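*Asks:* this one's sequence-less:
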């Protein structure tokens, strides 16, 4: 069996997505300190304890999984040396690469893999998908892991390619759980976690014992060069502070900058704005289980009351930095991109529809408690305040609750504390990995039809059939509106001139191990 081709066909991706070497690329030099300003930090770098992506940035530099996604969103072997499905599709056998070690010095064994993935299985979001897909995960010998599947499924490599499926030493997981973080990250990645202070930043040091793969680098897969001796993640919640620190040379990369800063960075001889298109969907997620937003007709009324262009403009800025695209897969190059079920006139309000669905609802003017983490993610607030102003024109009241990140994460997981929360959705390797579609994800969309369709897409092998099923799920979401998308935003960040191999596609948002600091002057 050709494992790589088999994996691509199962994932619904063309076999032309093989890794290729960059043409004419000049090899950056090793050395120096890469200084990156970030807008937010999680209480812990442990990626398993929350579905919120802010936890994952640090872990991508420190940890690895059995697979990693390439720039085409295709899972490629990382810690895995080989993998093979049984003829009946009910078992997946993975053999680890030889000689792998953790940062602590211990050998990576199948027992560590089992401990890591069994913990991940019990976590919310994607972990629940892994649990539903696998009956057991067991160690056959020190390098071989066998997954017994609940039914033939093409999605397992994709589930094992995310940050939350990171392999950590079993010893480091003692006392940890799906909700209790590890005390450190004892992983296999190119950098070790030297320090982590949630109110300041993190420091990562190149690990001399790292064993890189030999394939060409491609996002989270292939070779990892670890060009920088050290990577400093510096917490700077205020965008203007990140911009000014970049211009004055205090940092090399400023992440998540408003498009308003584009001209200032472009006109400065020492800096460059980098626009990454089709980065993520800006959204609001509703509590479909309890409270005022559990009323499907109210959610329908909310959708038809919204005008998306002002919402995107308020949060993103220039029209060049967003598109009014309704697909829940923001990257049009993805196999899963679709507009199935989208009502005519996406982005335009429909007063008649609002009146119709409000009349069918049980809404009596109660305020919708709308959570935002505005200190760390300004777009949370900007989308919410613009949407709330539009809704109030139709008599739909909104109470925006601004919270620090930790409180926001805690409150959105409690059905009694929220009706809606601002969020975003990137491109995922497979629809089964979309956290919004999991009933354990905050929002708690547990519709019976959706559950059955998710079961079908998880057990169907043929890519075309899987795409047709996903289109039904997509259409159902545009009927029940458990979440609403405003549009797709580009991501803009800034960098100093001379930064080597800068990320310019969505899949490369966190692969700073392959980014080189600018040459010292």
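*Replies:* Yes, it's here. Since we're looking at a predicted model, the values are computed, not measured. Residues are numbered from 1 along each chain as shown.
*Asks:* partners of the top strand by length along the chain in the sheet?
*Replies:* In the chain, taking DSSP state E as the definition, the longest strand is strand 271-286. Strand pairing for strand 271-286, determined by DSSP bridges: strand 420-425 (antiparallel), strand 483-496 (antiparallel).
*Asks:* Those into a markdown table, with extra columns for distance to residue 379, mean neighbour count and mean pLDDT?
*Replies:* C-betas here are computed from N, CA, C, even on glycine. Formatted as a markdown table, these follow (distance: least, C-beta to C-beta, whole Å; neighbours: other C-beta atoms under 10 Å; pLDDT from 0 to 100):
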| stretch | distance to residue 379 | mean neighbour count | mean pLDDT |
| --- | --- | --- | --- |
| strand 420-425 | 7 | 25 | 94 |
| strand 483-496 | 8 | 24 | 96 |
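*Asks:* In CSV, list those along with distance to residue 514.
*Replies:* Putting these into CSV (distance: least, C-beta to C-beta, whole Å) gives the following:
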stretch, distance to residue 514
strand 420-425, 24
strand 483-496, 14
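*Asks:* and the end-to-end length of stretch 304-312?
*Replies:* 16 Å (C-alpha to C-alpha, to the nearest Å).
*Asks:* Quick check: buried residues in it?
*Replies:* In terms of neighbour count (16 or more other C-beta atoms under 10 Å), stretch 304-312 has its buried residues at 304-306, 308, 311-312.
*Asks:* cool, stretch 114-133 as well?
*Replies:* Residues of stretch 114-133 classed as buried under the neighbour-count rule (16+ other C-beta under 10 Å) are 114-121, 123-133.
*Asks:* Now do it: distance to the chain's middle.
*Replies:* 16 Å (C-alpha atoms, centre = their mean, to the nearest Å).
*Asks:* quick one on the thing from earlier: out of the strands paired with strand 271-286, nearest to residue 28?
*Replies:* Of all those, strand 483-496 sits nearest to residue 28, with 13.1 Å by C-beta to C-beta.
*Asks:* Now do the helices in the stretch 251-400 of the chain.
*Replies:* 262-267, 296-305, 308-316, 351-360, 378-392 (DSSP state H, counting those that start in this stretch).
*Asks:* helices and strands around the fourth one, which ones?
*Replies:* If contacts are counted by 3 or more C-beta pairs under 8 Å, 6 or more residues apart in numbering; DSSP states H and E, helix 351-360 sits against helix 296-305.
*Asks:* I would like the residues contacting the helix it packs on, please.
*Replies:* The contact list for helix 296-305, computed with C-beta atoms under 8 Å, 6 or more residues apart in numbering, reads 286, 288, 292-293, 349-351, 353-354, 356-358, 360-363, 390-391, 393-394, 396, 480-482, 484.
*Asks:* thinking again about what came up before, format the helices of the stretch 251-400 of the chain as a markdown table; extra columns: mean pLDDT and distance to residue 68.
*Replies:* Shown next, in a markdown table, are the helices of the stretch 251-400 of the chain (pLDDT from 0 to 100; distance: least, C-beta to C-beta, whole Å):
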| stretch | mean pLDDT | distance to residue 68 |
| --- | --- | --- |
| helix 262-267 | 96 | 31 |
| helix 296-305 | 98 | 36 |
| helix 308-316 | 94 | 29 |
| helix 351-360 | 98 | 44 |
| helix 378-392 | 94 | 28 |
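*Asks:* could the buried residues of stretch 304-312 go into a markdown table alongside distance to residue 58?
*Replies:* Shown next, in a markdown table, are the buried residues of stretch 304-312 (distance: C-beta to C-beta, whole Å):
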| residue | distance to residue 58 |
| --- | --- |
| 304 | 41 |
| 305 | 39 |
| 306 | 35 |
| 308 | 33 |
| 311 | 31 |
| 312 | 29 |
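*Asks:* Quick check: of the residues you listed, which lies closest to residue 211?
*Replies:* The nearest member of those to residue 211, counting by C-beta to C-beta, is residue 312 at 44.0 Å.
*Asks:* Now do the contacts for the closest one.
*Replies:* Applying C-beta under 8 Å, 6+ apart, we find residue 312 in contact with 282, 322, 324, 486-487, 489.
*Asks:* quick one: low-confidence ranges for the chain?
*Replies:* Applying pLDDT under 70 to the chain picks out residues 1-25, 51-55, 376.
*Asks:* if we go to 50?
*Replies:* 1-24 (pLDDT under 50).
*Asks:* need the longest helix for it.
*Replies:* Longest helix in the chain by number of residues (criterion: DSSP state H): helix 463-480.
*Asks:* Not counting that one itself, show me its contacts.
*Replies:* With C-beta under 8 Å, 6+ apart, helix 463-480 has contacts from 9, 11-13, 154, 288, 296, 299-300, 326-328, 335-336, 338-343, 431, 437, 445, 447, 449-450, 453-454, 456-457, 460, 483.
*Asks:* try it again with 6 Å
*Replies:* Contacts to helix 463-480, defined as C-beta atoms under 6 Å, 6 or more residues apart in numbering, come from residues 12, 296, 336, 338, 340-342, 431, 450, 453, 456-457, 460.
*Asks:* Now, of those, which are buried?
*Replies:* The neighbour count (16+ other C-beta under 10 Å) marks 12, 296, 336, 338, 340, 342, 431, 450, 453, 456-457, 460 as buried among those.
*Asks:* Export these as a markdown table, with columns for distance to residue 494.
*Replies:* Converted to a markdown table, the buried ones among the contacts of helix 463-480 look like this (distance: C-beta to C-beta, whole Å):
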| residue | distance to residue 494 |
| --- | --- |
| 12 | 35 |
| 296 | 43 |
| 336 | 31 |
| 338 | 33 |
| 340 | 37 |
| 342 | 34 |
| 431 | 33 |
| 450 | 40 |
| 453 | 42 |
| 456 | 44 |
| 457 | 39 |
| 460 | 44 |
